[in-house]
Every structure is written in structure tokens, then in C-alpha cells.
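Q: all I have is the shape, not the residue letters:
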């Protein structure tokens with residue numbers, strides 16, 4: 001259980017965006033720390049916060065949205081998606097005075113998935129995703145993986161003794177990065193994730209869509225979690241859930257708009273090549289995924305076969321999530337995607353910059369192959385290798401490799417065993433407008 005306060009990298013980024021745009025929206029899953037970030041920024045600027053999670057405050061704002069968007073800059077509004085009419089009120093104010101840094105909003109649903117009003121601010125708003133704690137933030141370390149990858153990729157690999165044991169990787173993956181889960185005792189974490197999923201689906205779904213079968217969403221979320229770190233198969237999830245594939249696809253987009261899952265699109269040099277291949281699916285937090293999959297550090301320590309069989313994909317989700325967090329702090333990341341070789345032995349997380357693509361890849365080796373060695377070559381940086389076969393008692397010990405956070409590094413063979421640093425990274429994708437059509 002973590003007790004010390006944690007510095008968020010995104011704070012300085014928000015300050016920069018406020019100087020560049022009249023409206024800044026902080027979006028992300030519930031309980032990732034958006035309100036805490038907003039409170040700190042409001043304190044720095046000596047302004048009040050309008051909290052729309054408060055029912056009485058929400059009713060007052062619904063009665064007069066125009067009054068709610070006036071005040072000292074930045075006007076801070078928490079969970080704006082409860083009253084989407086605020087966006088039209090902001091547009092009316094912007095038509096009179098177009099100053100940067102006037103509004104700072106937070107929301108637990110994708111801005112572009114809102115049923116109405118978002119078009120009013122096209123070209124006038126900057127969106128930032130607040131993600132879960134990164135491993136560097138938790139350890140008090142300034143993460144620089146992408147800086148090194150761009151300037152000196154060879155520096156990412158070094159033959160040094162790892163400072164993190166495999167058991168620590170397992171603990172971090174199963175813990176995830178949700179602030180309340182990180183600060184909870186182990187026995188309380190499962191209770192948090194149980195209530196978290198229910199609250200996210202019950203409180204925020206109706207802000208986006210009039211869902212006909214809201215009771216199937218938890219079941220669909222469980223079926224999709226079973227595909228984390230894998231190519232998305234909506235038909236398979238629909239069949240397991242007992243709903244039509246078209247409904248499953250719409251509900252999957254809704255879960256994505258709520259920042260519970262993330263589609264990582266197939267990478268290609270052309271739009272046609274990108275749309276012709278299936279995306280990968282990742283649950284946005286490895287701790288939530290571990291809870292839904294029933295994976296715990298204790299089961300992994302006992303070499304539980306079912307837990308080990310799923311842990312390889314879960315570990316990939318953890319690594320991709322950490323990389324996405326770091327990428328979200330950069331201005332030069334334009335597009336995120338995945339690419340696999342035809343024999344599926346290598347899967348690459350590709351980050352397209354304004355000048356050239358940078359890719360971080362992980363290899364999937366056969367069960368009887370020798371442990372793979374990290375290879376660094378421009379423009380690809382291999383950060384992890386995960387075997388596809390279940391681990392056995394003869395699994396070799398971890399090998400050293402360069403950590404992307406500066407505090408963790410290990411590689412081993414066997415399914416579900418860590419094979420690369422607990423890297424950190426950013427976010428991909430945006431909400432889908434089809435959510436309000438279900």
C-alpha cells in the first residue's frame with residue numbers, strides 16, 4: 001500500500017495547454033485522478049471548482065448553463081458530461097471573447113462520443129487524457145524511455161543486474177495504476193475493482209447513450225477482458241455474451257468511450273492498410289484486467305496453470321499501458337498502432353511521430369525456443385519478449401535488461417513471465433460517435 005503523495009507529470013502539460021487554447025478538457029476513466037489534478041490547478045490559479053457529480057450543483061447548472069461558464073479564468077468544471085449544454089454556453093462566450101485558458105473541464109467519457117454539443121468547440125479545444133499512475137510516478141522517477149529511444153537507442157539495453165525480481169513485476173501488474181487501488185491494502189483492492197466497474201457502467205453510460213440492454217455490459221466487459229493483449233474478436237465476445245454481433249460492436253465502442261478498454265489499431269503506411277487489419281484490445285488498467293481474469297500474485301506464486309496461461313497477455317497490456325502513458329506526455333506522437341509479422345512471432349507497438357515512426361516491439365517465441373535477446377535497431381526498439389507456452393518449474397531465471405523507468409528490469413522465458421522492463425507510455429484512440437445510436 002502506497003501512502004506518500006504522488007507528483008503527476010500531466011500538471012505541467014495542462015498549464016502549457018491553457019496558454020495555447022481557450023478550452024482544455026481532461027478526459028479519462030473514473031478514479032484515475034482527474035479531480036485531483038483539477039483541484040491542484042484550481043488551487044494554483046485561486047479559482048473555485050463546479051462539481052457536477054453533486055446532484056444539487058448539477059441541477060443549478062442545468063437551469064442556467066450560461067452562468068456556470070462565467071467567472072475568473074480558468075473556469076473549472078468537474079465531470080462536465082453530466083450537463084453537455086455547457087459546451088454550447090462556452091461557444092456563446094467564445095463568440096464574444098476568444099482568450100486562451102478560459103475553461104478547464106474534466107470528463108469521464110470521451111469528448112467526441114458525447115451525444116451533442118462537441119461540434120460547437122471544434123478547433124477551440126485541446127483534449128488531454130489523464131491516465132492511471134505510471135510506474136515512474138509511483139517510484140518518484142522521471143521516465144525517459146522515448147527520449148532515450150530517439151536520441152540513443154543503444155542506451156536502452158545494458159548488461160546489468162536487475163533491481164526488480166519477477167515477483168515484483170507480478171505484484172505491479174496485478175496492482176495496476178488506479179490511485180485508489182494503489183493506496184488500498186491488498187485485501188481491499190478486489191472490493192475496489194468490483195465497485196469501480198459497477199459505478200463506471202451505472203453512472204456514466206446514460207450520459208452517452210440510451211442503452212437497451214445495460215445489464216449485458218458487465219458480462220461483455222468480462223468477455224472482452226479475456227481478449228486483452230490480443231486481436232479483437234467482437235463476434236466471439238458477442239457469442240459468449242449472448243447478444244448480436246452488431247450490438248456487441250456498439251457496446252464495445254461504448255466501453256471504449258468510457259475509457260475502460262482501448263483499441264490499438266493495426267499499423268500501416270496507408271489508411272487502407274490500417275483499416276484492412278483488426279485492432280488489438282487492451283483493458284486500460286492491468287489491475288482491473290487482473291481482477292476480471294481472477295489473476296492474483298498468490299496464484300502466480302503457486303504457478304497456478306490458469307493464471308499463468310493468461311498472464312502473458314496481461315503483461316503485454318501492462319507494458320503497452322506504461323508506454324502509452326509516456327507517449328501521452330509528448331507533443332510529437334501523432335498516431336499509435338500495432339503491427340504483427342505474418343507468422344505472429346513479433347508484435348510491434350508503433351508510435352508515428354511528425355517525422356518518422358518509432359516502434360517498441362515485443363516478441364512471441366515458441367515454447368521450446370531459447371530465450372530471446374533484446375535487439376535495438378532504428379526505428380524499432382525491442383522492449384519485451386513474451387513466450388506463448390505455459391511456464392513450468394524449469395523456467396530459467398530472469399536476465400538483466402535496461403529499464404524504461406529506471407527502477408525495474410527483468411526478462412525471463414515461459415508464458416506469463418516478465419520479459420522486459422515495466423515501460424511507461426501514452427494513450428491511443430478517441431471515443432466513437434456511434435455510442436448514442438444504440
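A: It's in. Predicted, not measured: the structure shown is a model, and the values here were computed from it.
Q: now residue 22. Nearest residue, chain neighbours left out?
A: residue 102 (4.9 Å; CB to CB, 6 or more residues apart in numbering). Bear in mind the C-beta positions are built from the backbone N, C-alpha and C, glycine included.
Q: which pLDDT value goes with the one you found?
A: pLDDT, residue 102: 97.
Q: shaky segments in the stretch 201-350 of the chain?
A: 210, 268-276, 341-347 (pLDDT under 70).
Q: so which residues of it form strands?
A: Secondary structure of the stretch 201-350 of the chain (DSSP state E, counting those that start in this stretch): strands located at 230-231, 261-264, 280-283, 333-340, 346-353.
Q: strand partners (parallel or antiparallel) of the shortest one?
A: Sheet partners assigned to strand 230-231 using DSSP bridges are listed as strand 280-283 (antiparallel).
Q: which other residues reach the partner strand?
A: Strand 280-283 is contacted by residues 224-225, 227-232, 260-264, 266, 289, 292, 316-317, 320-321, 338, 347 when judged by CB atoms under 8 Å, 6 or more residues apart in numbering.
Q: what subset of the residues you listed is buried?
A: By neighbour count, with 16 or more other CB atoms under 10 Å, the contacts of strand 280-283 hold 224-225, 227-229, 231-232, 260-264, 266, 289, 292, 316-317, 320-321, 338, 347 as buried.
Q: all strands for the stretch 51-200 of the chain, in order.
A: Assigned by DSSP E, counting those that start in this stretch, the strands in the stretch 51-200 of the chain fall at 75-78, 103-107, 125-129.
Q: quick one on the thing from earlier: in TSV, list the strands of the stretch 201-350 of the chain along with distance to residue 143.
A: Below are the strands of the stretch 201-350 of the chain laid out as TSV (distance: least, CB to CB, whole Å):
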stretch	distance to residue 143
strand 230-231	26
strand 261-264	20
strand 280-283	19
strand 333-340	14
strand 346-353	15
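Q: what count of nearby residues applies to residue 120?
A: When neighbours are counted by other CB atoms under 10 Å, residue 120 registers 17.
Q: hang on, I meant residue 78
A: Using other CB under 10 Å, residue 78 has 23 other residues around it.
Q: for it, give me its contacts.
A: Per CB under 8 Å, 6+ apart, neighbours of residue 78: 34-35, 38, 49-53, 105-106.
Q: switch those residues over to TSV; also include distance to residue 308.
A: Formatted as TSV, the contacts of residue 78 follow (distance: CB to CB, whole Å):
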residue	distance to residue 308
34	35
35	37
38	41
49	46
50	48
51	44
52	44
53	40
105	43
106	39
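Q: just checking, which of those residues belong to helices?
A: 34-35, 38 (DSSP state H).
Q: in a markdown table: those residues, plus pLDDT and neighbour count.
A: Converted to a markdown table, those look like this (pLDDT from 0 to 100; neighbours: other CB atoms under 10 Å):
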| residue | pLDDT | neighbour count |
| --- | --- | --- |
| 34 | 96 | 23 |
| 35 | 96 | 19 |
| 38 | 97 | 23 |
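Q: quick one: residue 172 and residue 318 touch, right?
A: Yes: if you go by CB atoms under 8 Å, residue 172 and residue 318 touch, sitting 7.4 Å apart.
Q: and the two? which has more neighbours close in?
A: Taking neighbours as other CB under 10 Å, residue 172 and residue 318 compare with residue 318 leading, 32 against 23.
Q: how long is stretch 57-72 from one end to the other?
A: Counting by CA to CA, to the nearest Å, you get 18 Å between the two ends of stretch 57-72.
Q: contacts for that stretch?
A: The contact list for stretch 57-72 (CB under 8 Å, 6+ apart) reads 45-48, 50-52, 75, 77, 82-83, 85-86, 88-90, 92-93, 103.
Q: which of these are buried?
A: 50-52, 75, 77, 82-83, 85-86, 88-90, 93, 103.
Q: out of these, which is nearest to residue 312?
A: Set against residue 312, the nearest of the buried ones among the contacts of stretch 57-72 by CB to CB is residue 82 (39.5 Å).
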